[in-house]
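Undergrad: Build the 3D model from these lines:
(chains A and B)
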Amino acid sequence: MADAPEVVFVERSRLVEGVRAYGLIAAMWLRSTMAYRASFAMTAFGNFAATAFDFVAILLMFSHVDALGGYTLPEVALLYGAAGTAFGLADLVLGSMDRLGRRVRDGTLDTLLVRPVPVLAQVAADRFALRRLGRITQGGLVLGYALVTLDIAWTPLKVVMIPLMLLSGAAIFAAVFVAGAAFQFFAQDASEVQNSFTYGGNTLLQYPPSIFAKDLVRGVTFVVPLAFVNWLPALYVLGRDYPLGLPDWVAFLPPVVAGLCWLLAGLAWRVGLRAYRSTGS
Amino acid sequence: MRLYTVVAAGGFRRYATYRMATAAGVFTNTVFGFIMAYAYVALWDQRPQLGGYDMSQALTYVWLGQALLMTCAMMGGGFEDELIERIRTGDVAVDLYRPVDLQLWWMAGDLGRAAFHLLGRGIVPMLLGSLAFDLALPASPGIWLAFLVSVTLGVVVSFAIRYLVALSAFWLLDGAGVSQMTALAGMFFSGMLLPLTLFPGVLGDVARVLPWSSLLQVPADVLLGKRTGWGLVEAYAFQGGWALTLLLVGRLVQSVATRRVVVQGG
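TA: Residues are numbered from 1 along each chain as shown, chains lettered A, B, ... in the order given. Okay, the predicted model is just below:
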């Protein structure tokens, strides 16, 4: 009986330790980027502008048409803003995970393994970049524009859906980041595969599901459940039907889906870390 | 000349070593190609002939963009990070002592890199795209040849821009900000996000005369048969003019940098 609380204590302290380590490493990188302030200002703005440009592309499209796949500009802006903000949040916290492959290749991962700090926290906080706030800001602005212009019959459920969608969306993207990093333990220089699911997923979700082939929509709903980031909850808010004809309550599943994704990603991370063989260099 | 051929071959081999990364890149280009292609289908469904392209020409444009993204380094990438690092650490001093031309040396390597990316990351996404969509690929070998010349000129323009970006590190030391700004301009003004013929009014006029249009818009129009005869000569003159101008500016900046700036090092 006396053992049980201790185990819980150890588990919790490990989690706390991980978060604390993440904070310390992130703070260190923060100071380091601030050494080149002009460059920081430019990259933060660049981060903002980079994502702004693809919204400009959508605006240019709408200068030629009134609706894309049956969706008006404010409706597309809701999809865009929700996906962009959720992705931005995940990218801020875990955006450095795609560097894992390089660490496996050049052997610097070994350094992280010998430290008494969770490896995931170290990899995630590596080169923490506050400039990624630029992306979140841009997504948030577009989302704000959508919410102001859209004529929605608001209900309490629809209001709750907005923050719920952003947080679970960020968690789903975060799980994809971790799973992608785990994949790199095996395929060391294939970080671009991860980008297809993160950046590619983000781009996909910025457009309405009605423009894509049914099989593609099925794939991102049931296989890689990115559709739960924004499509399903946002379509509920807009009062539109999902192309696959799923029931309404599916729109409330994002937190559950996010939890499941985290479970699977955590498992994948453990398997990957165990399978890791140092290059010896 | 022989030396630079060897350097170019080295650039090619260097990128050819990373097979897994190339396969992953092909996968990414294909995923983005599909997403963009569906967006274009939705757009051209409502406005056939938008921007002077029909549906299959527009789809060809999408896949061409994916095929040339790495070749013409529209988002940057390639030698400039390495050169910036050499400038930052002071290693560039060693390069300046070598009996080779700094600019030509890096350009040869970059041409090799571009050749690899055209073969390694260009052909497969294009093939996959042509299986899934109805593309307007020309049958005449002459047009393909004209296209290759245009792509080569585009790569040189791209190199010249990135060379200037790298040289900025002599003054800024950290080139990340400038690199990123150039990547943005490259993505937007090359026509990667949307063909420049769809840009309205003055924005369109400006976008079409900026050097970045040499990276995608001009080669794409050559492949789609929009530039033939005198039009083709004009296209080449435009790309060649920008290439020459930017290379000369690069030389000028380089000589100022090496004379005025104290190279760091130890």
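
Undergrad: Could you say which helix or strand holds residue 127?
TA: Picked chain A for this. A:Arg127 is part of no helix or strand, with elements assigned from DSSP states H and E.

Undergrad: wrong one, chain B
TA: B:Leu127 is located in helix B:123-132, with elements delineated by DSSP H and E.

Undergrad: Tell me the spacing between A:Val217 and chain B.
TA: Counting by CB to the nearest CB, to the nearest Å, the gap between A:Val217 and chain B amounts to 10 Å. Backbone N, C-alpha and C define where each C-beta goes, glycine included.

Undergrad: contacts for the helix or strand containing that residue?
TA: Here A:Val217, judged by DSSP H and E, is contained in helix A:214-218. Identification of contacts with helix A:214-218 by CB atoms under 8 Å, 6 or more residues apart in numbering or on different chains yields A:209, A:227, A:243-244, B:34, B:38.

Undergrad: repeat that with 6 Å
TA: With contact meaning CB atoms under 6 Å, 6 or more residues apart in numbering or on different chains, helix A:214-218 is reached by A:209, A:243.

Undergrad: can you dump the C-alpha coordinates of it into CSV?
TA: What follows is helix A:214-218, C-alpha atoms only, in CSV (Å, rounded to 0.1, in the frame of the first residue of the first chain):
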residue,chain,number,x,y,z
LYS,A,214,-14.5,12.0,-51.4
ASP,A,215,-11.7,9.6,-50.9
LEU,A,216,-9.4,12.3,-49.8
VAL,A,217,-12.0,13.6,-47.4
ARG,A,218,-12.5,10.1,-46.0
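
Undergrad: Any part of the helix holding B:Leu127 near chain A?
TA: No - under the criterion of CB under 6 Å from any CB of the partner chain, helix B:123-132 makes no contact with chain A; the nearest approach is 9.0 Å.

Undergrad: Any buried residues in that helix, and which?
TA: B:124-126, B:128-129 (16 or more other CB atoms under 10 Å in any protein chain shown).

Undergrad: which residues does B:Gln57 contact?
TA: B:136, B:224.

Undergrad: Now render the buried residues of helix B:123-132 as a markdown table, adding pLDDT.
TA: Shown next, in a markdown table, are the buried residues of helix B:123-132 (pLDDT from 0 to 100):
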| residue | pLDDT |
| --- | --- |
| B:Val124 | 95 |
| B:Pro125 | 95 |
| B:Met126 | 95 |
| B:Leu128 | 95 |
| B:Gly129 | 96 |
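
Undergrad: rewinding a little: what's the first helix or strand after the helix holding B:Leu127?
TA: Next along the chain after helix B:123-132, taking DSSP H and E as the criterion, comes helix B:141-167.

Undergrad: and that next one, how far from the chain's centre?
TA: On the basis of CA atoms, centre = their mean, to the nearest Å, helix B:141-167 sits 6 Å off its chain's mean C-alpha point.

Undergrad: buried sites along it?
TA: Within helix B:141-167, the residues that count as buried by 16+ other CB under 10 Å are B:143, B:146-147, B:149-167.

Undergrad: So which elements touch the helix holding B:Leu127?
TA: Using 3 or more CB pairs under 6 Å, 6 or more residues apart in numbering or on different chains; DSSP states H and E, the elements in contact with helix B:123-132 are helix B:19-46, helix B:55-68.

Undergrad: what's the angle from the longest one to helix B:123-132?
TA: In this structure, helix B:19-46 runs at an angle of 40 degrees to helix B:123-132, with axes from the mean of the first three to the mean of the last three CA atoms, to 10 degrees as the basis.

Undergrad: Mind putting the helices and strands packed on helix B:123-132 into CSV with mean pLDDT?
TA: As requested, the helices and strands packed on helix B:123-132 are exported to CSV (pLDDT from 0 to 100):
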stretch, mean pLDDT
helix B:19-46, 94
helix B:55-68, 97
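
Undergrad: what about the helices in the stretch 51-200 of chain A?
TA: Using DSSP state H, counting those that start in this stretch, the helices of the stretch 51-200 of chain A run over A:73-94, A:100-106, A:109-114, A:119-125, A:133-149, A:156-184, A:191-205.

Undergrad: I'm done for today, thanks for sticking with me.
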